[in-house]
Each structure stands twice: as structure tokens, then as C-alpha cells.
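>>> Sequence first, then the predicted structure, then my questions.
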Amino acid sequence: MKIKHILIVFTLLISLNVSSQERGDLRIGAFGKVSLFDNVMINQYGVNGEWFVADNFSLLYAYGMGTNANGDITAHINTALFLLPFAASYPPAVLGVLLISEGISYHVSVNEFVEVAPYLCPLGTEINLYEEQDLILSGSEGVNLIFKQFSPINKLILSFNFGSTVIYRDMNALPSVGVSLQYQF
């Protein structure tokens with residue numbers, strides 16, 4: 001029954017005739033988010049981007065810095081960056097590694113100015129989040145509520161994020177909220 005529900009919802013989403021985004025669009029911006037980790041609020045700020053590879057489907061990229069519960073500097077990067085040393089001797093491979101996204105998102109237009117975009121990002125890495133381990137693989141999932149054309153600058157986009165980051169080591173889920181300001185090219 002559960003699989004049947006998932007297939008029906010997936011089919012409905014795919015069949016919707018929405019004009020959210022078109023293939024080739026690019027959004028680049030800055031983000032800020034707060035996650036709850038061991039009852040401590042952890043702030044993170046950085047740059048993010050979306051590249052629409054098909055109508056309504058985008059590849060997600062995010063790189064951030066913040067502080068952990070002890071006040072030490074932390075960072076969030078795409079796990080694919082660990083492939084760069086292996087690709088360094090062949091420049092086209094470097095470009096290929098840089099194009100590997102952290103995750104995907106599907107955009108559904110509510111109206112001309114609002115989008116809802118659930119996302120899944122399985123290829124994250126947290127640096128210095130835990131004291132005893134410098135690198136930890138992570139994933140995140142959630143939904144973005146996106147407002148377009150909210151300012152005189154037509155291509156400026158404001159996005160509110162609600163989700164969680166899952167630390168694969170112990171399957172610890174860190175709830176998070178955030179905001180992003182992007183420009184669409």
C-alpha cells in the first residue's frame with residue numbers, strides 16, 4: 001500500500017504541467033541556516049547554487065562555514081570534492097568532479113510567484129562538527145518555499161528552508177531552518 005501511494009504521488013508530480021523553471025536556468029546566492037545539535041544552535045553561512053538540468057529538476061550545490069557547539073570553525077562541503085586529487089592529472093575530469101552535485105530538487109509552482117521545492121542531498125560532508133572526528137559524511141532532506149519577483153529586481157529569489165541534516169556515522173538527525181537569497185541567470 002505504501003509503495004502504491006508513493007507511485008501515485010510521483011506520477012502526479014511528474015504529470016503536472018508546471019512552468020516553474022526551464023532546463024539550463026542557473027540560480028546562485030548566499031544562505032544562512034541554523035541547526036539544532038545536542039541542544040545547541042549551530043549557525044552556518046555560505047554560498048549555494050541550483051542548476052536546472054530538466055524542466056523543474058535541479059542539481060543542488062552548497063558550501064558553508066559556521067561554528068560548532070564549542071565555538072570552533074566548521075564547514076560543509078560536497079563529498080565529491082574528495083575526488084579532485086584523483087582527477088587532477090586530467091583537467092576535463094576536474095570539471096566533471098566539480099559538476100557532481102550534492103543533491104537534487106523538484107520544483108512545483110504554486111502560482112507565478114511561489115514555488116515549493118522538496119530536495120534530497122545525500123552527498124554532504126561536515127568538517128569539524130564533532131570534536132573527536134574531523135570529517136563526517138552527511139545527507140539532508142527537506143523543502144524550500146521559494147518566492148520569486150518579490151522585489152524590484154525581477155530575478156532576485158528569496159527561499160525559506162525547512163529540513164534536517166542526517167549524520168551518517170550515528171544516523172543523528174539535526175533539524176534545521178534557513179533562508180537563501182539567490183539571483184537567477
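Sure, I can see it.
>>> got the contact list for stretch 102-117?
With Cβ atoms under 8 Å, 6 or more residues apart in numbering as the test, stretch 102-117 has contacts from 13, 16, 18-21, 50, 56-62, 78-80, 118-124, 139-140, 143-150, 159. Where C-beta positions appear, they are placed from N, C-alpha and C, glycine not excepted.
>>> For that stretch, measure first residue to last.
15 Å (Cα to Cα, to the nearest Å).
>>> same question for that stretch, mean pLDDT?
Stretch 102-117 shows an average pLDDT of 95 in the prediction.
>>> Kindly provide the distance from residue 46 to residue 36.
Separation of residue 46 from residue 36 (Cβ to Cβ, to the nearest Å): 18 Å.
>>> Need the buried ones from the contacts of stretch 102-117 selected in ChimeraX.
Burial among these is assessed by 16 or more other Cβ atoms under 10 Å; the matching ChimeraX selection reads:
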select :20,21,50,56,57,58,59,60,61,62,78,79,80,119,121,123,124,139,140,144,146,148,159
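>>> so who does residue 36 touch?
42, 174-176.
>>> try 10 Å
Residues in contact with residue 36 (Cβ atoms under 10 Å, 6 or more residues apart in numbering) are 42, 164-165, 173-177.
>>> Tell me which of those residues fall in strands.
42, 164-165, 173-177 (DSSP state E).
>>> could you flag which of these are buried?
42, 165, 173-174, 176.
>>> ok, of these, which one's closest to residue 74?
residue 42 (7.4 Å; Cβ to Cβ).
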